[in-house]
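**Q** got a structure for you, letters missing:
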C-alpha cells in the first residue's frame, strides 16, 4: 500500500496562511490524494482531493508536486476553528472494489490567537 | 438529510461482555468501514465492506466481528476476545471504486470497558 508521511504537529498564527506538507513517494499513477481533518471528539471530515493538478475549494487549496511524490494543503487564512488533526491519504483500489482507506497519524495543527 | 449515524455516542460495558456498535447510512453507498482511534493516535482500519454479505479484515480485526445484511447497516461487535476495547470507534461510507470521491464519517462511539 502506498503510504504518506506528515509532520506530527505544526503551529501557526491566526489569520496567517498555513502550509501542511505530505510526502507520498510511492504513489501510483492512479492514486488520488485526499485530505481530511478531524476536530476533537468528532469524526473526520473531507477537505479536498486531487490527482495531478492543483485544486481549490471553499475550504482550502491543494498543491501537488509535478512528480506527485508530495503535496501541500494550503489554508489561506487560518482561524481558530481550523485547529484540528489533518490527514493526507491516498485512495487506491484493493482487489476489485472498495479500497482500505488507510489513515496515518496526521498533523496536529495548532492555531495561536 | 443524507448522512451516516452512529449510536450510541457513549457506551459503557463490563469487561468480558460483547457489545455491538451501530452504524447506519442513507447515502446509498456500497462501501462501509470501521475504524478504531486511541488517544493521540490516527485511525486504524478494523473491517470494511464493499457489498451486502461481504466484508474484509482491516489491519486490526482480531477481537472484532461485523455483519452486512443490509446496504444501509454495518454493525460492529466488540467481543470479549478484544484485549483492550476501550477506544473511540468511527464508521465511514463511500462509493465503491470511485477514488475521486470522498468518504463520509459518523460522529463516533466512545466505548469504555470497566
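**A** Yep, it's here. In this text the structure is predicted, and so the values were computed from the model without any measurement.

**Q** Excluding covalently adjacent residues, which one is nearest to residue B:15?
**A** Taking Cβ to Cβ, 6 or more residues apart in numbering or on different chains, and ignoring the residues beside it in sequence, residue B:15 has residue B:113 as its nearest neighbour in space, at 5.5 Å. All C-beta atoms are positioned from the backbone trio N, CA, C, and that covers glycine.

**Q** What residues does that neighbour make contact with?
**A** With contacts defined as Cβ atoms under 8 Å, 6 or more residues apart in numbering or on different chains, the neighbours of residue B:113 are B:12-15, B:85-86.

**Q** Residue ranges in the chain under the pLDDT threshold?
**A** Looking at chain A here, since you left the chain open. A:1-2, A:93-100 (pLDDT under 70).

**Q** my bad, chain B
**A** Under the criterion pLDDT under 70, the flagged ranges of chain B are B:1-2, B:97-100.

**Q** middle-most residue in it, spatially?
**A** The structure's chain B has its C-alpha centroid closest to residue B:34; by Cα atoms, centre = their mean the separation is 2.8 Å.

**Q** hmm, back to that, look up the residues forming beta bridges with the residue nearest to residue B:15.
**A** Here residue B:113 shows beta-bridge partners residue B:13, assigned using DSSP bridges.

**Q** top of the contacts of residue B:113 by neighbour count?
**A** The most crowded member of the contacts of residue B:113, judged by other Cβ atoms under 10 Å in any protein chain shown, is residue B:85 (21 neighbours).

**Q** coming back round to it: hmm, the residue nearest to the centre of chain B is touching residue B:87, no?
**A** No. If you go by Cβ atoms under 8 Å, residue B:34 and residue B:87 don't touch, sitting 11.2 Å apart.
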